[in-house]
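Novice: Predicted model and sequence follow; I will ask about them next.
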Amino acid sequence: MTTNAQRLRNALEETLRLQNPESDEYKQWLHGPRSSPLPPSIPSEGGSFYPTTDRAIGCITEIIDNIRTNDGALARTLSRDEMFKRAMQTLGANLSPLIEIADDNERWKQYRDAITAAFTSLPTSQTVYVPVWLFVRQDYGSFSVGPVEFVDRSGWLDKVERVRGSRPAWRSGVESTWGLAGNDGDAAAGSSDQLVESAIKTITRFAFAEQRIACVAIAGFDDREAKRRALLATRIAIDGIRLLIPGSNKKRIFTSADHGPPRAIERLRQMDGHDLTSDSGTEMPGVGGKPGAAQELIDTSTDFRKAAGNCITVIISPTPGQENLPELSQRWSNAIHWYGRACVSDADFVALPMFGFTLDTLCGGKEEAGIRDLACALFEKKPEDSVRADGLTLKAAVRKVYEWRSKIAHGSLLAVDLVLESERVFAEGIANAMLYQYVMSLEQYRSSASPVDTGEGFLKWLQQNPPSTWSPAAPTP
């Protein structure tokens, strides 16, 4: 088995072969065919580089992957690409002294110590901003789902200024372009500055008037990983809001990074012997409704948003093991992410198995029986109890959803051309109710005496402490 010490030796040997610009190997490296536009190289201090080979790059990549496998905490906070970049920079900065070391293990020890120092140098904190479509034609204030704060464009400018500690030179220009109050008239003064003008153009393109901006303060991650986790946290927060929104409106909320419904579609068709026939449709992003509906939803969801936020906090924590109930919290966050992807899917046969994945994740992968046991505890029902006016039992309802999940996912049901709208609505209703009651119950479980962070422990507590003993009756699917 190849060791990291051997991989480092191979990388150095490969690199040394190319350091003579007059050699045939160097000329082949410079002019030979390659898969990328630039030949492989190792960055060195002063902006120059050391020529190297694909094999050497592969050795460093294997070292990185080996480190990530054996250090889960580091792999969580530092992205693979960032680790590779820092490892290559460290190799370039220490190439000469490493070459002088004869012993493979000693050489590896020194390089390992150097990259460990490079890996542990992370920014202390940053705030990531994600434009989102939530509610449109509605007047509502800022609100939070745990660590994810949703603000309008004016509130976002205020937040940027607070984080910065002073007023940005571009702010007045942005306010003027956006038509916001508070412009102090200094936009013209900064208009001759090309950097300011460039910033104004960039920022004014950032969000539409009816969008909200999700603000996620995150610490302990490199830039790439911080952005990824902040976007994930925003998506989970939005998926939580979906639980509170009825019907097809669920798919109208999404982040600017997601594929949302198109604003307008032109459709053309033609019958034999006739000219083109056209029709069009409009699918505006965001959820409308009667005046005040959005604010009412926000005001009545305080407890839910707190419960969901506690789960999201685990997602953006560099040390999830130090959070309250990290395993169960991540289970809900994973499950609701499946739910959110199902809600925005335009294909029923894709959404159906995703709702099944949602429930499977929520119960810890214990399949139909596990989903049924969890549903019984959440809704305080027996398997034979009815959940619908036509007498459908809870046991039969769970079986339906699980069978759709299994048959479609495994290919025993070829569903691409089937009309499954009613089945989708049915599965979505069950997933919606279970996700909501799960996270509300989990919040109660957090404050119980010595909660055990396992699905079995949570289920046992639920059975002994049914929701009706501490909250309004659980909703049924």
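Specialist: Yes, it's here.
Novice: measure the closest residue in space to residue 270 that isn't next to it in sequence to residue 268 for me?
Specialist: Take residue 270 and drop its neighbours on the chain: the residue closest to it by Cβ to Cβ, 6 or more residues apart in numbering is residue 276, 5.2 Å away. C-betas here are computed from N, CA, C, even on glycine. According to Cβ to Cβ, to the nearest Å, residue 276 stands 5 Å off from residue 268.
Novice: Please apply the same query to residue 413.
Specialist: With Cβ to Cβ as the criterion, residue 413 and residue 268 are 33 Å apart.
Novice: And these two? Which one has more around it.
Specialist: Under the criterion of other Cβ atoms under 10 Å, the comparison of residue 413 against residue 268 puts residue 413 first, with 17 against 9.
Novice: which ones are touching the more buried one?
Specialist: 404, 407 (Cβ atoms under 8 Å, 6 or more residues apart in numbering).
Novice: Reduced to three states, what does it come out as?
Specialist: The three-state assignment at residue 413 reads coil, by DSSP: H, G, I helix; E, B strand; the rest coil.
Novice: So what does it have for phi and psi?
Specialist: phi -120, psi 110 (degrees, to the nearest 10).
Novice: Let me see the ranges of the strands in this structure.
Specialist: 41-43, 49-51, 126-133, 143-145, 148-151, 212-218, 254-255, 264-270, 276-282 (DSSP state E).
Novice: ok, for residue 242, nearest residue in space, not its chain neighbours?
Specialist: Going by Cβ to Cβ, 6+ apart, residue 242 has residue 250 as its nearest residue, at 4.4 Å.
Novice: tell me the centre residue of this protein?
Specialist: residue 232 (1.8 Å; Cα atoms, centre = their mean).
Novice: among the strands of the chain, which is nearest residue 384?
Specialist: strand 143-145 (36.8 Å; Cβ to Cβ).
Novice: Name every sheet partner of that closest one and say whether each one runs parallel or antiparallel.
Specialist: strand 148-151 (antiparallel) (DSSP bridges).
Novice: Go through the strand it pairs with and flag the buried ones.
Specialist: 148-151 (16 or more other Cβ atoms under 10 Å).
Novice: Out of the residues you listed, which comes closest to residue 284?
Specialist: Among the buried residues of strand 148-151, and counting by Cβ to Cβ, the member closest to residue 284 is residue 150, at 18.9 Å.
Novice: what residues are up against the closest one?
Specialist: So residue 150 contacts 132, 134, 142-144, 212-215, 237 (Cβ under 8 Å, 6+ apart).
Novice: Enumerate the beta-bridge partners assigned to it.
Specialist: Counting by DSSP bridges, the residues bridging with residue 150 are residue 143, residue 214.
Novice: For residue 385, see how far away it is.
Specialist: The value you get for residue 150 to residue 385, if Cβ to Cβ is used, is 38 Å.
Novice: mind putting the contacts of residue 150 in JSON lines, neighbour count included?
Specialist: As requested, those are exported to JSON lines (neighbours: other Cβ atoms under 10 Å):
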{"residue": "132", "neighbour count": "25"}
{"residue": "134", "neighbour count": "24"}
{"residue": "142", "neighbour count": "16"}
{"residue": "143", "neighbour count": "20"}
{"residue": "144", "neighbour count": "17"}
{"residue": "212", "neighbour count": "24"}
{"residue": "213", "neighbour count": "23"}
{"residue": "214", "neighbour count": "27"}
{"residue": "215", "neighbour count": "23"}
{"residue": "237", "neighbour count": "30"}
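Novice: now, which of the residues you listed sits nearest residue 61?
Specialist: residue 214 (33.8 Å).
Novice: residue contacts, that closest one?
Specialist: Residue 214 sits in contact with 129-132, 148-150, 230, 234, 237, 255, where contact means Cβ under 8 Å, 6+ apart.
Novice: quick check, nearest of those residues to residue 119?
Specialist: residue 230 (20.8 Å).
Novice: Show the pLDDT at the nearest residue to that closest one once chain neighbours are set aside.
Specialist: Nearest non-adjacent residue to residue 230, counting by Cβ to Cβ, 6+ apart: residue 128, 3.5 Å away. With respect to pLDDT, residue 128 scores 95.
Novice: Please look at residue 128 and residue 231 and confirm they touch.
Specialist: Yes. With contacts counted by Cβ atoms under 8 Å, residue 128 reaches residue 231, the gap being 7.4 Å.
Novice: still on that earlier bit, wait, what's in contact with the residue nearest to residue 230?
Specialist: 215-216, 218, 226-227, 230-231.
Novice: Low-confidence stretches in the chain?
Specialist: 34-37, 123, 181-192, 471-477 (pLDDT under 70).
Novice: Mind putting the buried residues of strand 148-151 into TSV with distance to residue 70?
Specialist: As requested, the buried residues of strand 148-151 are exported to TSV (distance: Cβ to Cβ, whole Å):
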residue	distance to residue 70
148	32
149	36
150	39
151	41
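Novice: Return the member of these nearest to residue 113.
Specialist: residue 148 (38.1 Å).
Novice: The closest one: what's its closest spatial neighbour, skipping adjacent residues?
Specialist: residue 237 (4.1 Å).
Novice: doesn't residue 143 make contact with the one you found?
Specialist: No. Judged on Cβ under 8 Å, residue 237 makes no contact with residue 143 at a distance of 10.2 Å.
Novice: how much space between residue 8 and residue 101?
Specialist: 10 Å.
Novice: no no, residue 221
Specialist: 33 Å.
Novice: How about the residue nearest to the centre of the chain: what's its closest non-neighbour residue?
Specialist: Counting by Cβ to Cβ, 6+ apart, the residue nearest residue 232 is residue 315, at 6.0 Å.
Novice: quick one on the thing from earlier: for residue 76, find the nearest of the strands of the chain.
Specialist: Between the strands of the chain, strand 212-218 lies closest to residue 76; by Cβ to Cβ that is 12.5 Å.
Novice: Could you check the angle the closest one makes with strand 126-133?
Specialist: 160 degrees (axes from the mean of the first three to the mean of the last three Cα atoms, to 10 degrees).
Novice: dump the residue contacts of the closest residue to residue 399 other than its chain neighbours.
Specialist: Distances taken as Cβ to Cβ, 6+ apart put residue 368 closest to residue 399, at 6.2 Å, once the chain neighbours are dropped. By Cβ under 8 Å, 6+ apart, the contact list for residue 368 reads 398-399, 402.
Novice: List the contacts of residue 401.
Specialist: Counted by Cβ under 8 Å, 6+ apart, residue 401 has contacts 355-356, 359, 371, 426-427, 430-431.
Novice: same question but for residue 28, I mixed them up
Specialist: Contacts of residue 28 (Cβ under 8 Å, 6+ apart): none.
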